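Colleague: task: produce atomic coordinates for the following.
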Amino acid sequence: MKRKKILPAAGYAAAALAAGLVLTAGMGEAWAYFTTYTSASGGYTIDLSNETQIVEEYSNHTKRLVVTNDGTRPVYVRARAFSGSQCALAYSSEDGRWQAGNDGYYYFSEPLAGAVTAEDGTVSRARTSELLVQIEFPADAEEGDECNVVVIYESIPVQYDADGNALAPQAADWSVPLVSGSTEGGND
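Modeller: Prediction:
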């Protein structure tokens, strides 16, 4: 008859128990980390009132872009389209108010006024004229070939020179971060 060795099994159990105790020794500190909270008073209000939206319509290999200003402040608007290398893009504006910049963007030539709420509660939103992006497929394109065109647009608050005159959209600094608001403290 074979003898069972109980001692090694008990040794493994003791080692596992010791390892478990060592691992859970720091549990209180870890638990405190996940359950501690703090409160703060004060804040920094950011005015994000240059809210614009773009509407894109597509037909006959042309994207028609219109940007509206839902915010209360006048803004500059610029747009640009990107496509794969197989399709060329041609821009146009029926009224000439979209102008090509040196950086590949097309700039709406005048500030887009802020939205105005009338006494009866109706909101009038300023909008750009249409920017047309014609998608030109290669001559060897076959029926069903596709071209993915992505449009991006940006808007920034109108900027002024030292004399208080509005800058032209292409002359504005489009890299300026949004810095607005107040640093009022709260009551606690």
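
Colleague: the longest helix in the chain is where?
Modeller: helix 6-24 (DSSP state H).

Colleague: figure out how far that one is from the centre of its chain.
Modeller: From the chain centre to the centre of helix 6-24 is a distance of 54 Å (Cα atoms, centre = their mean, to the nearest Å).

Colleague: try stretch 55-64
Modeller: Worked out by Cα atoms, centre = their mean, stretch 55-64 lies 22 Å from the chain centre.

Colleague: buried set for it?
Modeller: residue 63 (16 or more other Cβ atoms under 10 Å). Glycine gets a C-beta too; all of them are placed from N, C-alpha and C.

Colleague: what's the mean pLDDT across it?
Modeller: For stretch 55-64, the mean pLDDT works out to 92.

Colleague: figure out the length between the terminal residues of that stretch.
Modeller: End-to-end distance of stretch 55-64 (Cα to Cα, to the nearest Å): 8 Å.

Colleague: stretch 54-71 too?
Modeller: Stretch 54-71 end-to-end distance (Cα to Cα) = 13 Å.

Colleague: from here on, count from 19
Modeller: Shifting the count to begin at 19 puts that one at stretch 72-89.

Colleague: list the contacts of that stretch.
Modeller: Under the criterion Cβ atoms under 8 Å, 6 or more residues apart in numbering, residues 66-71, 93, 95, 97, 99, 126, 130-133, 143-155, 167, 169, 171, 173 lie in contact with stretch 72-89.

Colleague: and stretch 128-142, by the same measure?
Modeller: So stretch 128-142 is contacted by 67, 70, 85, 87-95, 115, 143-146, 173, 176, 184, 187 (Cβ under 8 Å, 6+ apart).

Colleague: in ChimeraX, how would I select just the buried ones from these?
Modeller: Entered in ChimeraX, the line below selects the buried ones among the contacts of stretch 128-142, by 16+ other Cβ under 10 Å:
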select :70,85,87,89,91,92,93,94,95,143,144,145,146,173,176,187
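
Colleague: circling back: select only the buried ones of the contacts of stretch 72-89 in PyMOL?
Modeller: The PyMOL selection below is limited to those of those classed as buried (16+ other Cβ under 10 Å):
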select buried, resi 68+69+70+93+95+97+99+126+130+131+132+133+143+144+145+146+147+148+149+151+153+167+169+171+173
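
Colleague: return the helix or strand in the chain with minimum mean pLDDT.
Modeller: helix 45-53 (a mean of 59; mean pLDDT, DSSP states H and E).

Colleague: any low-confidence regions in this structure?
Modeller: 19-28, 43-68, 195-206 (pLDDT under 70).

Colleague: what about the strands in it?
Modeller: Along the chain, counting by DSSP state E, strands occupy 70-77, 80-87, 93-101, 106-110, 116-118, 124-126, 134-135, 141-142, 144-145, 149-154, 167-175.

Colleague: sheet-wise, list the partners of the first one with their directions.
Modeller: Strand 70-77 sits in its sheet next to strand 80-87 (antiparallel), going by DSSP bridges.

Colleague: and the strand it pairs with, how far from the chain's centre?
Modeller: 18 Å.
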